[in-house]
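1. Fold the following for me, if possible:
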Amino acid sequence: MRPRTSATELIQLLDRANVPVYVLDEERRIIFLNRAAEQWTGYDQASLLGQECRYHSSAEVTGAAAVAAALCPPPEALSGRSIRAAVSLPGSNGIETARHVDFVPLAGDDPQVVGILAFVLPQAAVDLADANEDGEPTAAELHARVRRYRGELAGRSSLDRLVGDSPALRQVRNQVALATQNTASVLLIGAAGSGRQHVARAIHYGRDPHSAGALVPLACPALSGALLQTTLRGLARASAAGESTRPASLLLVDVEQMPAEAQDELALRLPQIDAPLRVISTTDQPLDGLAISGRFRGDLARLLATLTIGLPALAARAEDLPLLAQMLLEDRNVRGAKQLAGFTPEALDTLAGYAWPGNVDELTEVIVEAHAQAEGPLVTPRDLPKRLHLAAAATRYPRKVEESIVLEEFLGRVERELIERALSQAKGNKAKAARLLGMTRPRLYRRLVQLGLAEEGEES
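-> Residues are numbered from 1 along each chain as shown. Below you'll find the model as predicted:
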């Protein structure tokens with residue numbers, strides 16, 4: 001009975017401590033937190049015990065699950081070594097400044113880790129979201145910066161996936177925030193895989209997804225006039241009935257491929273709708289250029305492009321790649337038991353050296369594969385798909401372009417050089433130079449004229 005008493009006494013001792021302490025089991029579930037931890041997190045034991053801590057920054061997870069994610073140690077802590085990391089709890093205005101936490105692994109009879117003991121240090125930590133931004137970021141720093149971005153953006157306009165510091169992406173975020181404040185038609189221009197439909201959803205749902213009306217996507221390449229007319233009538237009726245506090249949205253996917261019949265129907269019906277309705281269109285090229293070439297109705301192009309937002313290709317905002325890759329990796333952590341901390345510097349270099357023709361969609365596929373392949377807490381270059389390494393090798397060792405040889409030009413250069421050498425050796429005496437070259441003097445003169453070494457009539 002004595003061991004049970006000792007365990008009880010230990011729990012009581014930890015509970016009386018004035019520093020937050022919590023314990024995770026080998027599956028990262030919270031099995032204990034003291035009163036100081038309850039005060040720090042704002043949640044009691046009943047809410048947090050049993051919560052699984054997953055290493056991510058998703059703004060879609062809220063409440064106790066979001067706190068558990070914030071309390072999660074870096075995945076390296078499960079490897080059996082103590083580690084100090086920063087923990088940032090969700091705040092009302094995004095992410096608060098982190099505090100340092102010492103994570104101490106608890107080993108069983110074998111080397112296997114059976115739990116983690118976490119001590120929250122009393123002093124405030126440096127905000128890792130702003131640390132070392134000019135140098136090579138560590139996985140922990142990228143994690144903290146992604147958490148900060150997603151916390152701030154989710155509170156503004158549901159743009160938590162548009163993380164990055166590039167000027168192009170900042171402009172997109174500002175334009176999307178502006179678009180959420182009105183119901184003007186929006187045209188999203190970007191290459192395939194650039195996140196056009198995600199931005200469309202962010203514009204439609206805005207800050208309050210629950211008050212938004214229906215979002216109805218239509219694939220324009222196969223759109224008929226009859227289907228478009230039926231859809232517009234249904235949306236108008238729903239809007240007039242006041243089924244939601246904010247208007248519905250019609251999402252026209254690949255609008256540049258809309259058949260002429262559907263273009264005529266939309267140009268006719270859209271101005272006649274008196275109920276609130278937003279139209280969001282996606283395209284890979286500006287509609288005004290298509291209108292000039294006669295492939296799209298000019299009046300419809302103007303109706304659909306009240307506000308135009310250009311989405312940059314991933315290759316055009318390479319500085320956003322580390323943050324974006326970290327975010328996508330942590331999204332995989334949300335989905336299962338496997339938890340990864342980030343990428344090695346060499347892996348980030350490999351990602352940066354790729355051209356990304358498939359943009360963000362292709363990066364997502366690569367991260368999914370790397371997450372599945374990785375055996376340690378960090379993604380290494382060997383975990384990345386083979387095509388990235390082949391592309392990097394092709395960049396380092398570009399194929400040598402074979403120069404074509406034009407026979408007549410080549411022979412002409414050789415002949416000119418020989419004649420000049422013969423004239424030099426003969427000290428300008430053309431007769432002697434002709435003998436050295438094994439030709440007659442008249443023939444040598446004709447070649448001198450043809451090669452531009454003498455003028456017509458000079459010989460006489």
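2. Buried residues, stretch 333-342. List them.
-> Neighbour-count burial for stretch 333-342, counted by 16 or more other C-beta atoms under 10 Å, picks out 333, 334, 339, 340, 341, 342. Quick note: C-beta positions are derived from backbone N, CA and C, even for glycine.
3. need the contact list for the third one.
-> Shown here is residue 339, whose contacts under the criterion C-beta atoms under 8 Å, 6 or more residues apart in numbering are 28, 54, 55, 72, 75, 78, 333, 377.
4. Pull the number of nearby residues for the first one.
-> Counted with other C-beta atoms under 10 Å, the neighbours of residue 28 add up to 22.
5. and it, how far is that from residue 136?
-> Per C-beta to C-beta, to the nearest Å, residue 28 is found 28 Å from residue 136.
6. And the fifth one, by the same measure?
-> Relative to residue 136, residue 75 is positioned 20 Å away (criterion: C-beta to C-beta).
7. do the same with residue 384
-> Applying C-beta to C-beta, the value for residue 384 to residue 136 is 18 Å.
8. same question, residue 379
-> Distance of residue 379 to residue 136, given as C-beta to C-beta: 15 Å.
9. Those two: which has the busier surroundings?
-> Legend: neighbour count by other C-beta under 10 Å for residue 379 and residue 136, higher for residue 379 (28 against 10).
10. beta partners for the more buried one?
-> Per DSSP bridges, the residues bridged to residue 379 are residue 343.
11. Now the residue nearest in space to the middle of the chain, what are its backbone angles?
-> By C-alpha atoms, centre = their mean, the chain has its centre lying nearest to residue 324, at 4.1 Å. Dihedral pair for residue 324: phi -70, psi -40, per degrees, to the nearest 10.
12. pLDDT value on residue 335, please?
-> What the model reports for residue 335 is a pLDDT of 87.
13. Repeat that for residue 383.
-> On the pLDDT scale, residue 383 is placed at 96.
14. For the stretch 1-150 of the chain, just list every one of the helices.
-> With DSSP state H, counting those that start in this stretch as the criterion, the stretch 1-150 of the chain has helices at 2-16, 35-41, 45-48, 63-71, 139-157.
15. now those as JSON lines including mean neighbour count?
-> Formatted as JSON lines, the helices of the stretch 1-150 of the chain follow (neighbours: other C-beta atoms under 10 Å):
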{"stretch": "helix 2-16", "mean neighbour count": "11"}
{"stretch": "helix 35-41", "mean neighbour count": "19"}
{"stretch": "helix 45-48", "mean neighbour count": "16"}
{"stretch": "helix 63-71", "mean neighbour count": "20"}
{"stretch": "helix 139-157", "mean neighbour count": "22"}
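16. Distance to residue 357 for the ones you listed - can I get that in JSON lines?
-> What follows is the helices of the stretch 1-150 of the chain, written out as JSON lines (distance: least, C-beta to C-beta, whole Å):
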{"stretch": "helix 2-16", "distance to residue 357": "54"}
{"stretch": "helix 35-41", "distance to residue 357": "45"}
{"stretch": "helix 45-48", "distance to residue 357": "45"}
{"stretch": "helix 63-71", "distance to residue 357": "33"}
{"stretch": "helix 139-157", "distance to residue 357": "24"}
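17. Mind checking those for the one nearest to residue 360?
-> helix 139-157 (14.8 Å; C-beta to C-beta).
18. for the record, mean pLDDT for the closest one?
-> Mean predicted lDDT for helix 139-157 stands at 75.
19. Kindly report the same for stretch 70-77.
-> Stretch 70-77 shows a mean pLDDT of 90.
20. Which of the helices and strands in the chain ranks last by mean pLDDT?
-> None of the helices or strands of the chain scores lower by mean pLDDT, DSSP states H and E than strand 94-95, at a mean of 49.
21. In helices, which of the buried residues of stretch 333-342 fall?
-> Counted as lying in helices by DSSP state H, out of the buried residues of stretch 333-342, are 333, 334.
22. out of the buried residues of stretch 333-342, which one sits closest to residue 369?
-> Taking C-beta to C-beta as the measure, residue 369 lies nearest residue 340 of the buried residues of stretch 333-342, at 12.6 Å.
23. so the closest one touches residue 379, yeah?
-> Yes. Using C-beta atoms under 8 Å, residue 340 is in contact with residue 379, at 6.3 Å.
24. Please enumerate the shared neighbours of those two.
-> 329, 371.
25. what sits against residue 43?
-> Residue 43 makes contact with 64, 67, according to C-beta under 8 Å, 6+ apart.
26. quick one: average confidence on stretch 342-353?
-> For stretch 342-353, the per-residue pLDDT averages 93.
27. my bad, should have said stretch 176-188
-> On average, the pLDDT along stretch 176-188 is 91.
28. Can you show me the CA trace of it as CSV?
-> C-alpha atoms of stretch 176-188 as CSV (Å, rounded to 0.1, in the frame of the first residue of the first chain):
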residue,chain,number,x,y,z
VAL,A,176,-9.7,39.4,-49.4
ALA,A,177,-10.4,41.3,-46.2
LEU,A,178,-11.8,44.1,-48.3
ALA,A,179,-14.0,41.7,-50.3
THR,A,180,-15.5,40.2,-47.2
GLN,A,181,-16.9,43.6,-46.2
ASN,A,182,-19.2,43.9,-49.3
THR,A,183,-21.1,41.8,-51.8
ALA,A,184,-19.3,43.0,-55.0
SER,A,185,-18.5,40.4,-57.7
VAL,A,186,-14.9,39.1,-57.3
LEU,A,187,-12.7,37.6,-60.0
LEU,A,188,-9.8,35.4,-58.7
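29. Can you tell me what sits against it?
-> With C-beta under 8 Å, 6+ apart, stretch 176-188 has contacts from 156-159, 162, 196, 199-200, 202-203, 206-207, 247, 255, 276-283, 287, 303-309, 311.
30. give me that answer again for 6 Å
-> Residues outside stretch 176-188 that contact it (C-beta atoms under 6 Å, 6 or more residues apart in numbering): 157, 159, 196, 199, 202-203, 206, 247, 276, 278-282, 304-309.
31. And those, which of them are buried?
-> 157, 159, 196, 199, 202-203, 206, 247, 276, 278-282, 304-305, 307-309.
32. So which of the residues you listed belong to strands?
-> 278, 279, 280, 281, 282, 307, 308, 309 (DSSP state E).
33. quick one: strands adjacent to the strand ranked longest in the chain?
-> Secondary structure assigned by DSSP E gives strand 113-124 as the longest strand of the chain. Strand 113-124 sits in its sheet next to strand 21-25 (antiparallel), strand 99-107 (antiparallel), going by DSSP bridges.
34. Compile those strands into TSV and extend it with columns for mean neighbour count and distance to residue 447.
-> Formatted as TSV, these follow (neighbours: other C-beta atoms under 10 Å; distance: least, C-beta to C-beta, whole Å):
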stretch	mean neighbour count	distance to residue 447
strand 21-25	21	91
strand 99-107	17	86
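35. Select, out of those strands, the one closest to residue 214.
-> Closest approach to residue 214 among the strands paired with strand 113-124 is made by strand 21-25 (42.2 Å; C-beta to C-beta).
36. For that closest one, output the C-alpha coordinates as CSV.
-> Extracted C-alpha coordinates of strand 21-25, given in CSV (Å, rounded to 0.1, in the frame of the first residue of the first chain):
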residue,chain,number,x,y,z
VAL,A,21,2.9,21.4,-14.0
TYR,A,22,1.2,18.8,-16.2
VAL,A,23,1.9,15.2,-17.3
LEU,A,24,1.3,13.4,-20.6
ASP,A,25,1.3,9.6,-21.1
